[in-house]
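Undergrad: need a structure here:
(one chain, ligands or ions: 1)
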Amino acid sequence: MSDIFDELQWRGLVAQTTDEAALRRALADGPVTVYCGFDPTAASLHIGHLVQLIILRHLQRSGHHVICLVGGSTGQIGDPRPTSERVLHTKEQTAEWVSSIQEQVRPFLRFDGDNPARMVNNLDWTQGISALDFLRDIGKHFRVNSMIKRDIVARRLESEQGISYTEFSYQLLQALDFLHLFREYDCTLQVGGNDQWGNLLSGVDLVHAAEGARVHAQTAPLITDAEGKKLGKSEGNALWLNPQLMSPYAFYQYWLNTEDAVVIDRLKVFTEITPEELPEVERQVAEEPFRRAAQRRLAHEVTTLVHGPDATASVEAASAALFGKGDVSALDAQTLRDALAELPGGRRNRGRRSSTCWWPPGWPTAATAPAGCWGRAASR
Ligand SMILES: N[C@@H](Cc1ccc(O)cc1)C(=O)O
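TA: Numbering: from 1, shown residues only. Below you'll find the predicted structure:
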């Protein structure tokens with residue numbers, strides 16, 4: 001597909017845009033500088049961030065200039081959640097997470113060669129601003145009247161606990177980022193998850209108020225499961241990209257367990273599948289769902305994207321060995337320990353129903369796994 005906006009739309013990566021026709025034109029006319037921000041509120045990024053990284057990859061691949069922002073300042077304030085006030089982490093902790101998230105983002109984008117991506121930290125331009133200057137120069141452009149109408153703020157205002165002034169101010173900081181990046185790098189597009197729409201509009205409005213320019217915002221749909229629950233959050237545990245927080249084996253299994261009803265959507269979002277390849281995959285899902293070819297492709301590609309080809313090969317070898325289709329003794333021990341933990345009755349699943357997971361008939365359990373192959377005795 002030659003038109004990047006068409007492609008993003010085909011992949012299901014576009015939820016809202018400020019002015020679709022204008023954005024299409026800008027993207028078609030020449031390189032646009034786009035940014036996306038990631039807050040260091042944990043040691044690792046999760047699946048929601050992966051969608052944004054994939055969008056940035058597509059944009060960079062099609063020649064646009066990409067800026068990846070890690071929020072050293074916004075991470076200290078906390079984007080309000082619809083439910084409750086966040087606990088503040090120490091500045092040291094936040095700084096540590098800035099580094100780990102910067103490292104985590106690097107493999108997804110190209111930071112060398114021509115058209116390299118740029119990594120920025122908003123602490124660099126906010127820490128020197130005095131509170132007085134901030135209130136005079138930035139605050140004056142905002143109307144509290146419209147700030148309190150933003151969905152999340154409105155919900156928090158209704159809650160018993162309310163919302164702190166700290167979190168209420170968050171949207172000004174994110175807007176200031178867009179203004180700074182517009183001034184510094186001619187950045188005219190900000191992308192984010194659909195829950196970021198309000199923050200994105202604040203930036204668009206600020207750039208217009210301060211510089212008289214029209215910039216763009218685009219959100220991606222939040223990925224949910226077949227029941228509409230946020231992806232990976234169904235049991236309170238996010239799908240982490242950091243292998244220390246979620247093993248590549250567990251990550252791969254998660255994708256392998258994708259329901260038939262959503263697997264095509266997932267392939268479009270998370271892999272590089274093309275419209276030409278789609279009919280055959282759709283046929284496989286409809287006619288031979290038991291083969292799970294679509295799920296296998298999804299699990300293979302996403303795990304390779306996030307953990308690399310070697311980790312994916314280990315995980316696939318471990319899966320095959322569980323079916324007795326491979327030499328277990330040749331496998332890497334850590335992957336096998338991870339695999340055992342994930343089996344029904346395994347460490348991670350003890351006392352937990354695995355009804356949400358798809359276990360093929362005859363799939364081994366921790367109790368029936370071949371003895372002595374992956375330290376079964378040691379882990380029980
Ligand atoms: N608010 C965004 C992160 C972000 C931070 C600063 C920005 O300028 C942009 C985005 C989030 O919570 O996901």
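Undergrad: using the three-state scheme, assign whichever residue of the chain sits closest to the ligand.
TA: Closest approach of the chain to the ligand (Cβ to the nearest ligand atom) occurs at Gly37, with a separation of 2.2 Å. C-betas here are computed from N, CA, C, even on glycine. Following DSSP: H, G, I helix; E, B strand; the rest coil, the label given to Gly37 is strand.
Undergrad: who's the closest residue to it other than its chain neighbours bridged to?
TA: Leaving out its chain neighbours, the residue that sits closest to Gly37 by Cβ to Cβ, 6 or more residues apart in numbering is Leu69, at 4.1 Å. With DSSP bridges applied, the residues forming beta bridges to Leu69 are Gly37, Val120.
Undergrad: any idea how far Pro309 lies from Thr303?
TA: The gap separating Pro309 from Thr303 is 9 Å, by Cβ to Cβ, to the nearest Å.
Undergrad: which parts of the chain sit against the ligand?
TA: Residues of the chain lying close to the ligand (Cβ under 6 Å from any ligand atom) are 37-39, 69, 71, 74, 79, 122, 174, 177, 196, 199.
Undergrad: give me every residue that touches Arg183.
TA: By Cβ atoms under 8 Å, 6 or more residues apart in numbering, Arg183 lies in contact with Glu211.
Undergrad: that one: which element?
TA: helix 170-185 (DSSP states H and E).
Undergrad: one step back: count the residues that sit near the residue of the chain closest to the ligand.
TA: 26 (other Cβ atoms under 10 Å).
Undergrad: ditto for Gly30
TA: Neighbours of Gly30 (other Cβ under 10 Å): 8.
Undergrad: which secondary structure elements does the helix or strand Leu305 falls within sit against?
TA: When secondary structure is defined by DSSP H and E, Leu305 falls within helix 293-307. Helices and strands touching helix 293-307, as assessed by 3 or more Cβ pairs under 8 Å, 6 or more residues apart in numbering; DSSP states H and E, comprise helix 248-256, helix 260-270, helix 278-287, helix 309-322.
Undergrad: of all the ones you listed, which lies closest to Lys140?
TA: Put simply, out of the helices and strands packed on helix 293-307 the one that sits nearest Lys140 is helix 260-270, at 40.2 Å, with distance taken as Cβ to Cβ.
Undergrad: what angle separates the closest one from helix 278-287?
TA: Relative orientation of helix 260-270 and helix 278-287, computed by axes from the mean of the first three to the mean of the last three Cα atoms, to 10 degrees: 160 degrees.
Undergrad: run the angle between helix 260-270 and helix 293-307 for me.
TA: Angular relation of helix 260-270 and helix 293-307 on a 0 to 180 degree scale: 40 degrees, by the same axes, to 10 degrees.
Undergrad: circling back to that earlier point, if we only consider the residues of the chain next to the ligand, which is nearest to Lys149?
TA: Distance from Lys149 was checked for each of these by Cβ to Cβ. The minimum falls on Asn199, at 13.7 Å.
Undergrad: state the pLDDT value of the closest one.
TA: Among the per-residue scores, Asn199 shows a pLDDT of 97.
Undergrad: tell me how far it lies from Leu305.
TA: In this view, Asn199 and Leu305 are 27 Å apart by Cβ to Cβ.
Undergrad: so between those two, which is more surrounded?
TA: Set side by side, Asn199 and Leu305 show more neighbours around Asn199, with 25 against 20, by other Cβ under 10 Å.
Undergrad: coming back round to it: look at Pro309 and Thr303 and report which has more neighbours.
TA: Thr303 (24 against 11).
Undergrad: wait, doesn't that one sit right on Tyr254?
TA: No. When contacts are counted by Cβ atoms under 8 Å, Thr303 is not listed as touching Tyr254 (9.4 Å).
Undergrad: of the helices and strands packed on helix 293-307, which stretch is the most buried?
TA: Among the helices and strands packed on helix 293-307, the stretch with the highest mean neighbour count (mean count of other Cβ atoms under 10 Å) is helix 248-256, at a mean of 22.
Undergrad: tell me how far that helix lies from the chain's centre.
TA: Taking Cα atoms, centre = their mean, to the nearest Å, the mean C-alpha location of helix 248-256 is offset from the chain mean by 16 Å.
Undergrad: tell me which other helices or strands it touches.
TA: In this structure, helix 248-256 makes packing contacts with helix 293-307, helix 309-322, helix 333-342, judged by 3+ Cβ pairs under 8 Å, 6+ apart.
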